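Asks: Sharing a model prediction with you, sequence too.
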Amino acid sequence: MKLPDRVIIKGAGDLASGVAHRLQQCGFKIAMLELPQPMVVRTSVAFAAAVYTGETEVEGVRARLVSSGEDPAGCWEKGVIPVYVDPRGELIDRFSPQILIDAIIAKHNTGTKINDAPVVVGLGPGFTAPQEVHAVVETKRGHDLGRVIYNGTAAPNTGIPGEIGGYGAERVLRAPADGTFQAQRKIGELVQAGETVAFVNGIPVVTAIEGMVRGMLFPGIEVKQGTKVGDIDPRGPEANCHSISDKARAIGGGVLEAILHLWLKHHSQNSHRWKSA
């Protein structure tokens with residue numbers, strides 16, 4: 001039995017990139033779809049950074065921004081993940097993936113359908129299996145992180161960031177107003193509580209806690225008041241902001257389980273029908 005290998009991932013943020021990295025290491029051929037201006041803050045570990053820089057690398061795996069007319073096979077031959085700007089998912093029909101993963105993390109379904117591919121997996125709240133997708137992977141930190149749900153939904157969105165080092169909402173940096181974002185500190189730098197780390201239209205973005213800058217939007221992006229523009233890791237020097245997070249790895253493992261489980265189940269059912277005939 002030949003396993004499926006063509007995968008489209010909607011979204012290329014840090015969690016989607018953790019999934020893509022794991023699947024790439026397992027021999028799958030990945031293509032990722034992103035917005036023209038991704039609002040990703042963990043840019044050091046997100047393949048979405050390729051939209052801004054043309055090419056990026058996460059733990060030895062490279063991704064490259066390609067035009068909508070470019071065949072992904074050229075990148076796959078070089079072991080590179082192609083990233084397409086395709087906010088509407090128009091390339092899904094053209095590429096006919098065997099596996100579709102919705103990793104947008106929008107907290108609601110933005111249009112993914114169970115007939116988009118033989119195997120469709122949704123990450124986090126907003127999806128119901130098996131009505132909208134074949135499986136849902138839990139994204140909420142805690143005991144069930146990475147659990148695969150074949151009947152039901154993930155935990156609802158609380159709007160409260162998961163705790164790291166005893167801090168939740170305090171570690172998130174948000175825009176104080178509408179306007180153009182400009183960073184003053186870089187990912188990996190240590191900061192103190194009360195320090196200005198960025199500006200939005202000249203208004204300072206101030207840290208509530210000390211720690212390491214774990215995420216920061218690309219400069220020049222237009223944001224709305226309240227938009228997440230960065231985050232601080234309270235673990236400070238012990239934090240590792242340049243490698244895939246434990247959360248992303250757990251979710252990646254759940255996606256891999258879902259793919260193998262669903263494909264093997266599909267093959268077994270088809271094989272049984274063939275033998276019965």
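Replies: Yep, it's here.

Asks: Show me the strands in the stretch 151-277 of the chain, by range?
Replies: Along the stretch 151-277 of the chain, the stretches classed as strands by DSSP state E, counting those that start in this stretch are 172-174, 179-183, 190-191, 196-200, 203-206, 211-216, 222-223, 228-233.

Asks: what's the first one packed up against?
Replies: Looking back up the chat, that one is strand 172-174. For strand 172-174, the packing partners by 3 or more CB pairs under 8 Å, 6 or more residues apart in numbering; DSSP states H and E come out as strand 228-233. All C-beta spots, glycine's among them, are computed from the backbone N, C-alpha and C.

Asks: List the pairing partners of the strand it packs on within its sheet, with orientation.
Replies: Sheet pairing of strand 228-233 (DSSP bridges) gives strand 172-174 (antiparallel), strand 211-216 (antiparallel).

Asks: For residue 263, see how far away the residue lying closest to residue 226 once chain neighbours are set aside is.
Replies: Spatial nearest neighbour of residue 226, excluding adjacent residues (CB to CB, 6 or more residues apart in numbering): residue 174 at 5.4 Å. Separation of residue 174 from residue 263 (CB to CB, to the nearest Å) stands at 41 Å.

Asks: higher neighbour count, the two?
Replies: residue 263 (19 against 16; other CB atoms under 10 Å).

Asks: contacting residues around that one?
Replies: Contacts of residue 263 were listed using CB atoms under 8 Å, 6 or more residues apart in numbering, and they are 3, 4, 118, 119.

Asks: all helices of the stretch 1-150 of the chain, in order?
Replies: Secondary structure of the stretch 1-150 of the chain (DSSP state H, counting those that start in this stretch): helices at 14-25, 50-53, 73-77, 91-95.

Asks: Looking at the ones you listed, which is nearest to residue 234?
Replies: For residue 234, the closest of the helices of the stretch 1-150 of the chain is helix 14-25, at 17.9 Å, according to CB to CB.

Asks: which helices and strands sit right next to the closest one?
Replies: strand 6-10, strand 29-34, strand 61-66, strand 119-123, helix 246-276.

Asks: residues near the spatially closest residue to residue 220 that is not a sequence neighbour, how many?
Replies: Nearest non-adjacent residue to residue 220, counting by CB to CB, 6+ apart: residue 180, 6.3 Å away. The number of residues packed near residue 180 is 13, by other CB under 10 Å.

Asks: Residue 180 and residue 189, how far apart?
Replies: Going from residue 180 to residue 189 by CB to CB gives 21 Å.

Asks: what's the answer for residue 221, then?
Replies: Between residue 221 and residue 189 the computed distance is 19 Å (CB to CB).

Asks: now residue 18
Replies: Applying CB to CB, the value for residue 18 to residue 189 is 23 Å.

Asks: more neighbours, those two?
Replies: residue 18 (29 against 12).

Asks: ok, that one - contacts?
Replies: Residue 18 neighbours (CB under 8 Å, 6+ apart): 45, 244, 245, 247, 248, 249, 251, 252.

Asks: Find the pair from these with maximum spatial separation.
Replies: Greatest spatial distance among these (CB to CB): 45 and 251, at 13.1 Å.

Asks: quick one: contacts for residue 112?
Replies: The contact partners of residue 112, by CB under 8 Å, 6+ apart, come to 10, 89, 100, 102, 120, 122, 127, 132, 133.

Asks: List the beta-bridge partners for the fifth one.
Replies: Read that as residue 120. Note on residue 120: beta-bridge partners residue 100, judged by DSSP bridges.

Asks: Throw the contacts of residue 18 into TSV and include distance to residue 138, thanks.
Replies: Shown next, in TSV, are those (distance: CB to CB, whole Å):
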residue	distance to residue 138
45	20
244	18
245	15
247	11
248	13
249	14
251	8
252	13
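
Asks: Next, format the residues you listed as CSV and append pLDDT and distance to residue 213.
Replies: Output for these, formatted as CSV (pLDDT from 0 to 100; distance: CB to CB, whole Å):
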residue, pLDDT, distance to residue 213
45, 97, 13
244, 96, 17
245, 94, 15
247, 95, 18
248, 97, 18
249, 97, 21
251, 98, 23
252, 98, 24
